[in-house]
Each structure stands twice: as C-alpha cells, then as structure tokens.
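# Based on what follows, work out the 3D shape:
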Amino acid sequence: MTNLLANNPLAVIGRVILEFTAGIGRVAIFTFHGVRHVFAPPVYLRLVGRQMMVIGYFSLPVVGLTALFTGMVLALQIYLGSSRLNAESAVAWIVVLGITRELGPVLGGLMVAGRVASAMAAEIGTMRVTEQIDALTTLSTNPFKYLVAPRIISGVVTLPLLIVVADIIGVMGGYLVSTHKLGFNAGIYLKNTFDFMQTLDVVSGLVKAAVFGFIIALMGCYHGFHSRGGAQGVGKATTDAVVSASILILVANYFVTELFFSGK
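Take a look at the predicted model:
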C-alpha cells in the first residue's frame, strides 16, 4: 500500500499540499503567540535593548556600505541611460526615489536578514537542542515572552531607524558620483533631490522597514524554536530562517508598494 501511494502522483501532490498547509498553520500559530506576548506585560526592556544593539548598531556597517555603493551604482547607471535621451537632470530624483522607496529598505532588509535572522535561529536553536527552552518553562518563564517578544519589538523599532541612515548614505553615494565623476553642479543636484522627494516616499520606505523587521525577527525565532536534531538541525534552521525571511521580504515589498502607490 505504501509503495502504491509513493508511486501515485496525486498522492505526492496531496502530501506536498498538506505539508505546506500545515507549515502555514504552524507559522500562523507561532505569529499569534509572538504578537500576543509583545503587547502583554511584562516587557523585558534589557533584552529589548540588547537586541536593538544586535539588529541595529552591529548591522550598521554592512547596511551602510550596501547603501553607499547602491546609490553610487544607481547614479552611474541612470546617467548612462538618461544621457541617450538628453535627460541627465533626472538622475537626482530617480536616485532619491529609488533609494527611499525601494532599494534602501529592500536591500537593507535582505542584508539584515542574512546577518540577524541566521544569528537568531542559531541562538534559539541551540537553546532548543540543549533543552534550555524547556528549562525556562520549568522556571515559570514563558519562552515567547523571554525569547520571541523582545526580538520582534527590536526588529520593528530598529530596522526603520537603520533604513533612515541607509537612505541618507545611499543618496549621498549618488551625490558623490554625480558631482565628482559625472560633472553635476552640487547645488543644483541637491535642489533637484529635495524638490522631488516627498514625505510619502520616505514614509513608505520606513513602513516597509518595520514590516521587514517583523518578518526577520519572526522567521529567525520560528526556525530556531522548531529546530531539531542537534548541530545539524541548528544549521538547517539557520539556513531556513535566512531563505524564508528573504522570500517573505520580497513578497511583502510588493504588497506594501501596492498599498501605498496603487492609485498613483
């Protein structure tokens, strides 16, 4: 009977669908408990502060470098394309729109996902396989309150602050290339940048950053929390956390963009 089911394509498809649905259910339940404990007292402010340092301060160099060279490359590529249409003046506002709306939050989120989601999954996964999470329960400490909630709060609060810095550095990178390499007048470039930049552009990027911070923290905690099988299981949880966070960031980016700009 087992061989018949294994050789039946419909059985294979059904098994995949059931496993996928079960996975969505597990993530939904985990998300519900995590969010519930974010708003329920007490809040471990010391743990929140530590996670904010891990997510924000220690991620600043890699996010800053990514934003800087992204802005520089963006300005160079836009100039090369717009020069064919004699529209070089568009470089400034396309750079600022591209950085604040899309490239700043998305690339920053992906870089933080690679650095932070993996670290969260590895830390919590190690606690799981060494039964430290069970010890927390034995000591009447809720693992969601102690491990998950501080990371979610830190991710949602810290990533927008990080993206503000990334936006500034990215626009500065475009400014440096445009004024020092492409021959733009510095005053005119800055004027075009501020004239075309709107509050909605920055706000939409910061909302994306908050959503991405939630996704990164949630996926890192979820995969670490459900890791099994010793060191190999922790390694798999780390990889799964980065992959799932990166995919969800790209998916969420579309829906948030649709929310802000679908009518424009």
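
# where does the chain dip in pLDDT?
By pLDDT under 70, the low-scoring segments of the chain are 1-7, 83-88, 263-264.

# Where do the helices of it begin and end?
2-7, 9-39, 45-52, 60-82, 90-97, 104-112, 118-129, 132-138, 143, 149-180, 186-196, 199-225, 230-261 (DSSP state H).

# Which strands and helices lie in contact with the shortest one?
The one in question is helix 143. Under the contact criterion of 3 or more CB pairs under 8 Å, 6 or more residues apart in numbering; DSSP states H and E, helix 143 touches helix 132-138. Just so you know, the C-beta spots here come from the backbone N, C-alpha and C atoms, and that holds for glycine as well.

# Pull up the gap between V243 and H223, please.
9 Å (CB to CB, to the nearest Å).

# These two: which has the busier surroundings?
H223 (30 against 15; other CB atoms under 10 Å).

# The more buried one is in contact with G235, isn't it?
No: the criterion here is CB atoms under 8 Å, and H223 misses it with G235 at 11.0 Å.

# Looks like K208 contacts P105 (just checking).
Yes: using CB under 8 Å, K208 is in contact with P105, at 4.1 Å.

# what do the two both touch?
Taking CB atoms under 8 Å, 6 or more residues apart in numbering as the criterion, K208 and P105 both touch I163, N253.

# ok, for M120, nearest residue in space, not its chain neighbours?
In this structure, M120 finds its nearest non-sequential neighbour in G220, 2.9 Å apart by CB to CB, 6 or more residues apart in numbering.

# you'd agree the one you found is up against S246?
No: here G220 does not reach S246: they are 11.8 Å apart, not a contact under CB under 8 Å.

# Which one's more surrounded, those two?
G220 (32 against 19).

# In contact with the more buried one, which residues are there?
With contact set as CB under 8 Å, 6+ apart, G220 has these partners: V116, A117, S118, A119, M120, A121, I124, R151, A241, A245.

# Please tell me how far the residue nearest the centre of the chain sits from A209.
The residue lying closest to the centre of the chain (CA atoms, centre = their mean) is G109, at 3.1 Å. Distance of G109 to A209, given as CB to CB: 7 Å.

# what touches both of these two?
Common neighbours of G109 and A209 are listed as L159, I163 (criterion: CB under 8 Å, 6+ apart).

# was I right about V202 contacting I99?
No: taking CB under 8 Å as the definition, V202 is not a contact partner of I99, at 10.0 Å.

# Which one's more surrounded, those two?
Neighbour count, other CB under 10 Å: between V202 and I99, I99 has more, with 30 against 17.

# ok, and the closest non-adjacent residue to that one?
Once flanking residues are discounted, I99 sits nearest to G170: 4.0 Å by CB to CB, 6+ apart.

# what's near enough to touch the one you found?
A67, L68, T70, G71, L74, V95, I99, L103, G104.

# Surely the fifth one touches I99?
The reference is to L74. Yes: using CB under 8 Å, L74 is in contact with I99, at 7.1 Å.

# List the residues that are in contact with both of the two.
G170, G174.

# Look up how far Q51 lies from the residue nearest to M120.
10 Å.

# intersection of neighbour lists for the two?
Common contact partners of G220 and Q51 (CB under 8 Å, 6+ apart): R151.

# Quick one: neighbours of the nearest residue to A122 once chain neighbours are set aside, just the number.
Computed as CB to CB, 6+ apart, the closest residue to A122 that is not its neighbour in sequence is T238, at 5.0 Å. Neighbourhood size, T238 [other CB under 10 Å]: 22.

# Contact partners for T238?
Counting by CB under 8 Å, 6+ apart, T238 makes contact with S118, A121, A122, G125, H223, G224.
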